[in-house]
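Trainee: Okay, predicted coordinates and the sequence, questions at the end:
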Amino acid sequence: MPDNNYYSEEQHGPHAYLELGEIDLIAGGTLPGARLAYKTQGTLSAAKDNAILFPHMWSGTSASMEMFIGEGRPLNPSKYFIILPGQFGNGFSSSPSNTPAPHNGGAFPNLTIGDDVVAQHRLVTEQFGISELQLVTGWSMGAEQTYEWCVRYPDMVKRAAPFAGTAKTTPHDYLFVRAHENALKSDPAWADGFYAHASDVAVGLKRHAEIWSVMGLCAEFYKRETWREIGFDSLDAFITGFWEAYFAPMDPNNLICMGWKWRHGDVSAHTGGDLAAALARISAKMTVVAFANDMFFPAADIEEEARLIPQARYTLIDSLWAHFTMFCMNDRDKAAIDAVFADLLAD
């Protein structure tokens with residue numbers, strides 16, 4: 001178990017859990033005793049017609065998406081019932097860090113984004129009896145889950161807003177994710193994923209954070225010293241206080257588990273490898289959002305996919321925070337994201 005409180009209920013707030021039992025995995029094999037952690041805000045209407053599903057990004061938890069919910073905002077809990085599912089590998093749902101032997105640590109099986117979405121479908125339909133979602137949305141890996149929902153269960157999704165993510169992981173993105181996994185594994189204490197404590201892999205986590213500092217933001221961000229906007233007085237202080245501090249408390253196996261899903265994300269698996277045919281299945285009213293300067297999911301890649309989706313609207317949000325525009329580090333980025341939700345939910 002990780003020897004820190006990052007995965008504690010005190011740190012992230014209380015979760016509810018759906019016990020899934022043994023599940024068959026899309027990549028092969030099974031996961032016994034699987035469980036899905038989730039949080040909700042708002043009240044489900046008697047007609048069950050006000051539900052929004054908001055899965056989270058790689059490295060996040062259900063709490064990561066709570067910043068977008070609030071009274072007087074588009075995702076208003078007085079109007080909507082908002083479900084925040086935790087993907088497998090996030091430290092609350094079944095993960096390498098919390099699964100008993102013999103499936104713990106480095107022995108945890110490979111899961112796919114499809115496994116997450118099938119479990120979320122059970123949550124939505126079995127736990128809550130919901131047959132239609134007013135909106136499915138997410139950022140980065142949350143966007144990948146959004147696409148999976150729209151292609152796997154097109155009749156259930158009325159609206160969708162994938163932010164800064166693609167329906168099929170590109171070769172460049174695949175290589176990046178593999179590189180950050182290898183940075184974690186380069187730690188002398190890695191022990192094939194069977195380290196005693198997450199903090200034993202501190203060197204790997206630091207190397208991993210360094211890779212993210214290069215790819216997560218853009219050259220212009222560093223050239224303009226945009227990190228000063230959030231109170232850092234030097235580049236070194238930003239790297240230490242932002243990137244290293246963000247990843248230091250996390251469990252490396254959990255990050256690798258989620259990363260494996262990321263780099264194998266591909267909705268064309270539903271149509272024999274034909275991405276155009278898969279995206280043509282989408283019937284939701286969709287706004288596809290890219291962030292300018294994003295090196296993980298470049299705007300050109302996102303726009304190219306958007307052209308394959310019937311009646312999809314493509315939107316570019318310009319920010320030097322690049323992929324991390326979704327962190328809403330300034331009011332401008334927050335307002336731009338809220339505007340996407342407001343427009344999509346206007347009818």
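Mentor: That came in fine, so what should we check first?
Trainee: I'd like to know which elements the helix or strand that Ala202 is a member of is packed against.
Mentor: According to DSSP states H and E, Ala202 maps onto helix 202-215. Under the contact criterion of 3 or more C-beta pairs under 8 Å, 6 or more residues apart in numbering; DSSP states H and E, helix 202-215 touches helix 171-185, helix 245-247, helix 252-263. For every residue, glycine as well, the C-beta is placed using N, CA and C.
Trainee: now for the ones you listed, which one comes closest to Ala198?
Mentor: With C-beta to C-beta as the measure, helix 252-263 is the member of the helices and strands packed on helix 202-215 nearest Ala198 (6.5 Å).
Trainee: who touches the helix or strand following that closest one?
Mentor: Following helix 252-263 in sequence order, the next helix or strand is helix 275-279 (DSSP H and E). For helix 275-279, contacts defined as C-beta atoms under 8 Å, 6 or more residues apart in numbering pick out 151, 167-168, 266-271, 305, 308-309.
Trainee: ok, now stretch 324-338?
Mentor: Taking C-beta under 8 Å, 6+ apart as the rule, stretch 324-338 contacts 57, 67-68, 73-74, 139-140, 163-164, 216-217, 229-230, 289, 291, 294, 317, 319, 321.
Trainee: Pull the distance from that stretch to the chain's centre.
Mentor: Remark: stretch 324-338 is offset 17 Å from the chain centroid, using C-alpha atoms, centre = their mean, to the nearest Å.
Trainee: Over to stretch 291-300?
Mentor: So, by C-alpha atoms, centre = their mean, the centroid of stretch 291-300 is 16 Å from its chain's centroid.
Trainee: buried set for it?
Mentor: Neighbour-count burial for stretch 291-300 flags 291-299 (criterion: 16 or more other C-beta atoms under 10 Å).
Trainee: ok, now stretch 298-314?
Mentor: Quick answer for stretch 298-314 (16+ other C-beta under 10 Å): 298-299, 301-302, 305-306, 309, 312, 314.
Trainee: And that stretch, end to end?
Mentor: 13 Å (C-alpha to C-alpha, to the nearest Å).
Trainee: ok, and what's touching that stretch?
Mentor: 164-168, 170, 275-276, 279-280, 282-283, 285-292, 316.
Trainee: Filter those down to the buried ones and hand me the PyMOL line.
Mentor: Buried residues within the contacts of stretch 298-314, by 16+ other C-beta under 10 Å, are selected in PyMOL with:
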select buried, resi 164+165+166+167+168+170+275+279+282+283+285+286+287+288+289+290+291+292
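Trainee: Which residue ranges of this protein form helices?
Mentor: 9-12, 113-122, 141-152, 171-185, 202-215, 219-223, 235-238, 245-247, 252-263, 275-279, 299-306, 331-344 (DSSP state H).
Trainee: So which of the ones you listed is nearest Glu22?
Mentor: helix 113-122 (12.4 Å).
Trainee: which other helices and strands contact that closest one?
Mentor: Helix 113-122 packs on strand 16-24, strand 30-41, strand 81-85, helix 141-152, helix 252-263, going by 3+ C-beta pairs under 8 Å, 6+ apart.
Trainee: what's the angle from the third one to strand 30-41?
Mentor: Orientation note: strand 81-85 sits at an angle of 150 degrees relative to strand 30-41 (axes from the mean of the first three to the mean of the last three C-alpha atoms, to 10 degrees).
Trainee: from the middle of its chain, how far away would strand 81-85 be?
Mentor: 14 Å.
Trainee: for stretch 109-119, which positions count as buried?
Mentor: 109, 111-119.
Trainee: tell me which of the residues you listed is nearest to Leu53?
Mentor: Distances from Leu53 to the buried residues of stretch 109-119, taken by C-beta to C-beta, are shortest for Val117, at 9.7 Å.
Trainee: Verify the contact between that closest one and Cys150 for me.
Mentor: No. Look at Val117 against Cys150 with C-beta atoms under 8 Å: they stay out of range, at 9.9 Å.
Trainee: on that earlier part again, buried ones among the contacts of stretch 324-338?
Mentor: Judged by 16+ other C-beta under 10 Å, buried ones among the contacts of stretch 324-338: 57, 68, 74, 139-140, 163-164, 216-217, 289, 291, 294, 317, 319, 321.
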